[in-house]
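Chemist: only geometry, no sequence info:
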């Protein structure tokens, strides 16, 4: 991965302080060590799932689905994967019915993922599906050790896998939560972890990313009052669900009360896909309020060499300029052109990330890069990066409403 | 449609001025009259497409694809549509290859949509596909009268349909641009226009929406410096692409230099889907900076009555509270609960829109509602709602780069 910043931030002291805080945080927050894990137990578990299973269906929401979906949708188009992966992540009845119409229940293994074991969405869907398929061997439960969900799974003799300690939902993609569904589809989870490992090494062992990540985080934190919208502009449709994962990671980690003040703070994530969103959101970046930073993400080699045909269309001869160009070259030139156009403005903070290609290693590195950046910015804006107290109020109101209904 | 505002804005004079400006604007801006159009020519054209055509493929980007996609994806799950509809809207080679693998070229009719006839994305894709399928009868071109593209189409004896006058891309969904692909899939475009018509009538003929729309627009404009991020929180997966359409409409229309000042202004659109994004973006709304308004969109009747099974899971008895509940009721209760939780905060501007069900009439009304709101806010923040000068710079740089390549 190459990350080039088009802005500067000089504050060596703040950078060093943030680095030390993250070094310290590593001892208690679980996600940092995930790239180092031994995946043998996961691969053994996967071997226990019969070959006749054609579909893996995750029943989970938020941190229990977004990460695996981001990786699956990224690598799927270029890989002949052994199984299909679906995600039941909404209580929308139309969505549930549509997904069920696509799968053969007899050839599907369900992964029910819930840390707490009481997620309303997950268990309303599970109860419905269990009424259609009540064979316990069709289910694996991924949950905290000794949770009520583990007890339930044991009671019905279904498989159980554990979440690692101190890994929150939105930082859990490189744990069992993401690795199990991906490995079941023959996605190379070791390469995924290796990609994450390269970023980890570079950051913690004085590699080139250390300085870049620290500079970027300090810039975002220092200027958060002005540039409080952070756009990713990713030039490939394969990164669409990566953007959704980023939105959760960034928004839920950094939208908080400050630890030591009464202030509400927050950095708003936006995920854009190029070139499509050049025809949508770009106008707002270019001429709208100066409140946005933009990170362009490019794929160096698409491994798909289709080329624009060398034909002249009568009356449209000006388009001959495109003839013979590989699409992979065109899309990256489009990215560069938009970046240059924004750079000329002079007052929009830009940076670019280039990943080598569409494979597990690349997406693993991208994921770990964004996790580290989130941790750094959270530290620098003085919030608890790892909780989400703001989502509880709605859940409590819902439970009250449900109780009233039952009376 | 019911639209309830949870904020007030009292400025009768500004409201009246905005209303008169829109009445005036109607004479020159084409989209206002689209609900009144006679669709007979479109239906006759559709009859000319042979029954053996199984797939319609739009080659177009931005305003040429987002609207039809929003409507198609909304109504598709509940309708047995006669044809499949695909959108080629990216120069990503992986995306093009994946889409082509899904269609049978001999049974596909392509709609090439470009106002100008020189959109880089559209014609690089068209040239590639034309090299695979060079039968002119497989194509219909939708463009401006007398454009070079029309001349080209005439030269190869392909069908041509025209765009109406003075309708910009992002306001064109209810014109040929959206209606033709939708009608070809047997979507009821008259019901779509009727839905839009109800909103038009209510607004221009002193219906209840006039006051609501004016109040909302004035509030958004007056408070644009504080609440400059406008979230839609739509409680159904079917509205996912409607959100993408909204992002283009809102962002590209309202992110501008002011007409009579040197200021950059802009309102940033965010599309969220509930309940999924309760586990993602909600934390940021609840505890982050107070810079966001939220509009909840609910579907009153999903016409899909699946129900949570009435079973007790040992050790998970607290979940019995869900038993017997229809999912459609649950998802709307989730929406109400989050809305109440945000309302308690007291400093987040909220409103709710309820549409009756998942059909053409409902989405037609939602589309016209948002077009009117965009026009009103554009007028009130003093921008040209209908241009997009900011996207030109990148195109010019790209053309320079392409010319250098050719040398």
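Modeler: All right, it came through fine. Note that the structure is predicted; figures quoted are calculated from it, not measured. Residues are numbered from 1 along each chain as shown, chains lettered A, B, ... in the order given.

Chemist: which helices and strands sit right next to the longest strand anywhere in chain A?
Modeler: In chain A, assigned by DSSP state E, the strand with the most residues is strand A:292-301. Under the contact criterion of 3 or more C-beta pairs under 8 Å, 6 or more residues apart in numbering or on different chains; DSSP states H and E, strand A:292-301 touches strand A:229-234, helix A:282-287, helix A:327-345, strand A:350-357. All C-beta atoms are positioned from the backbone trio N, CA, C, and that covers glycine.

Chemist: Quick check: mean pLDDT of stretch A:308-318?
Modeler: Confidence over stretch A:308-318, taken as the mean pLDDT, stands at 96.

Chemist: ok, the residue of the stretch 301-407 of chain A found nearest chain B to residue B:151 distance?
Modeler: Sorted by distance to chain B under C-beta to the nearest C-beta, the residues of the stretch 301-407 of chain A start with residue A:390, at 3.3 Å. Separation of residue A:390 from residue B:151 (C-beta to C-beta, to the nearest Å): 58 Å.

Chemist: do the same with residue A:281
Modeler: Using C-beta to C-beta, residue A:281 is found at 33 Å from residue B:151.

Chemist: Comparing those two, which residue is more hemmed in?
Modeler: A count of neighbours by other C-beta atoms under 10 Å in any protein chain shown puts residue A:281 above the other of residue A:281 and residue B:151, at 28 against 16.

Chemist: Would you indicate which residues of the longest strand of chain A are buried?
Modeler: Under the neighbour-count criterion of 16 or more other C-beta atoms under 10 Å in any protein chain shown, strand A:292-301 has A:292, A:293, A:294, A:295, A:296, A:297, A:298, A:299 buried.

Chemist: Which one of the residues you listed is nearest to chain B?
Modeler: Proximity of the buried residues of strand A:292-301 to chain B, judged by C-beta to the nearest C-beta, is greatest for residue A:292, which lies at 7.9 Å.

Chemist: which non-adjacent residue is nearest the closest one?
Modeler: Once flanking residues are discounted, residue A:292 sits nearest to residue A:229: 4.4 Å by C-beta to C-beta, 6 or more residues apart in numbering or on different chains.

Chemist: Going by residue numbers, what spans are strands in chain A?
Modeler: Taking DSSP E as the test, the strands found in chain A are A:2-5, A:55-59, A:84-88, A:108-113, A:139-143, A:159-162, A:229-234, A:256-257, A:264-265, A:268-273, A:292-301, A:350-357.

Chemist: got the residues of the stretch 101-250 of chain A near chain B?
Modeler: Remark: the part of the stretch 101-250 of chain A in contact with chain B comprises A:117-118, A:120-121, A:123-124, A:127-128, A:130-131, A:148-149, A:151-152, A:155-156, A:169, A:228-229, A:235-238, A:244, A:247-248, using C-beta under 8 Å from any C-beta of the partner chain.

Chemist: Make a ChimeraX selection of whichever of those residues turn out to be buried.
Modeler: Buried members of those, defined by 16+ other C-beta under 10 Å, are picked up in ChimeraX with:
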select /A:117,118,120,121,123,124,127,128,130,148,149,151,152,169,228,229,235,236,237,238,244,247,248
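
Chemist: so how far does stretch A:347-366 reach from one end to the other?
Modeler: One end of stretch A:347-366 to the other measures 26 Å (C-alpha to C-alpha, to the nearest Å).

Chemist: about what we covered before: shouldn't the residue nearest to residue A:292 be in contact with residue B:270?
Modeler: No - Residue A:229 lies out of contact with residue B:270 (C-beta atoms under 8 Å); the separation is 9.5 Å.

Chemist: shared neighbours, those two?
Modeler: Taking C-beta atoms under 8 Å, 6 or more residues apart in numbering or on different chains as the contact criterion, the common neighbours of residue A:229 and residue B:270 are A:268, A:270, B:229.

Chemist: List the residues that contact the second one.
Modeler: For residue A:270, the contacting residues are A:229, A:230, A:231, A:232, A:247, A:281, A:292, B:268, B:270, by C-beta under 8 Å, 6+ apart.

Chemist: Report pLDDT for it.
Modeler: Predicted confidence (pLDDT) for residue A:270: 98.

Chemist: Residue A:406 too?
Modeler: Note for residue A:406: predicted pLDDT of 80.

Chemist: is it true that it touches residue B:324?
Modeler: No - contact between residue A:406 and residue B:324 fails when scored by C-beta under 8 Å: they sit 9.1 Å apart.

Chemist: Out of the contacts of residue A:270, the closest to residue B:58 would be?
Modeler: Comparing the contacts of residue A:270 against residue B:58 with C-beta to C-beta picks out residue A:281 as the nearest, at 20.3 Å.

Chemist: ok, now which ones touch that closest one?
Modeler: Applying C-beta under 8 Å, 6+ apart, one finds that residue A:281 lies in contact with A:231, A:270, A:272, B:247, B:248, B:251, B:252.

Chemist: Quick check: it vs residue A:369, distance?
Modeler: Counting by C-beta to C-beta, the gap from residue A:281 to residue A:369 is 23 Å.

Chemist: Residue A:11 too?
Modeler: Taking C-beta to C-beta as the measure, residue A:11 falls 21 Å from residue A:369.

Chemist: Ok, residue A:350 next?
Modeler: Per C-beta to C-beta, residue A:350 is found 17 Å from residue A:369.

Chemist: before we move on, back to that, turn the helices and strands packed on strand A:292-301 into TSV, including distance to residue B:75 and mean pLDDT.
Modeler: Below are the helices and strands packed on strand A:292-301 laid out as TSV (distance: least, C-beta to C-beta, whole Å; pLDDT from 0 to 100):
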stretch	distance to residue B:75	mean pLDDT
strand A:229-234	29	98
helix A:282-287	29	96
helix A:327-345	31	97
strand A:350-357	37	98
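
Chemist: Residue B:84: which of the strands of chain A is closest?
Modeler: Ranking these by distance to residue B:84, with C-beta to C-beta as the measure, places strand A:84-88 first at 18.7 Å.

Chemist: residues in contact with the residue of the stretch 1-150 of chain A found nearest chain B?
Modeler: Using C-beta to the nearest C-beta, the single residue of the stretch 1-150 of chain A nearest to chain B is residue A:62, 2.7 Å away. With contacts defined as C-beta under 8 Å, 6+ apart, residue A:62 is in contact with A:89, A:169, A:170, A:248, B:276, B:278, B:279, B:280.

Chemist: hmm, try it at 7 Å
Modeler: For residue A:62, the contacting residues are A:169, A:248, B:279, B:280, taking C-beta atoms under 7 Å, 6 or more residues apart in numbering or on different chains as the criterion.

Chemist: With residue A:314 instead?
Modeler: B:152, B:155.

Chemist: now swap in residue A:222 and tell me
Modeler: residue A:9.

Chemist: Kindly report the same for residue A:96.
Modeler: Applying C-beta under 7 Å, 6+ apart to residue A:96 gives the contacts A:88, A:125, A:128, B:306, B:327.

Chemist: 8 Å instead, please
Modeler: The contact partners of residue A:96, taken as C-beta under 8 Å, 6+ apart, are A:88, A:90, A:125, A:128, B:306, B:327.

Chemist: Residue B:385: which of these is nearest?
Modeler: Nearest to residue B:385 out of these is residue A:90 (C-beta to C-beta; 33.6 Å).

Chemist: Test my guess that that closest one contacts residue B:275.
Modeler: Yes - between residue A:90 and residue B:275 there is a contact at 6.6 Å, judged by C-beta under 8 Å.
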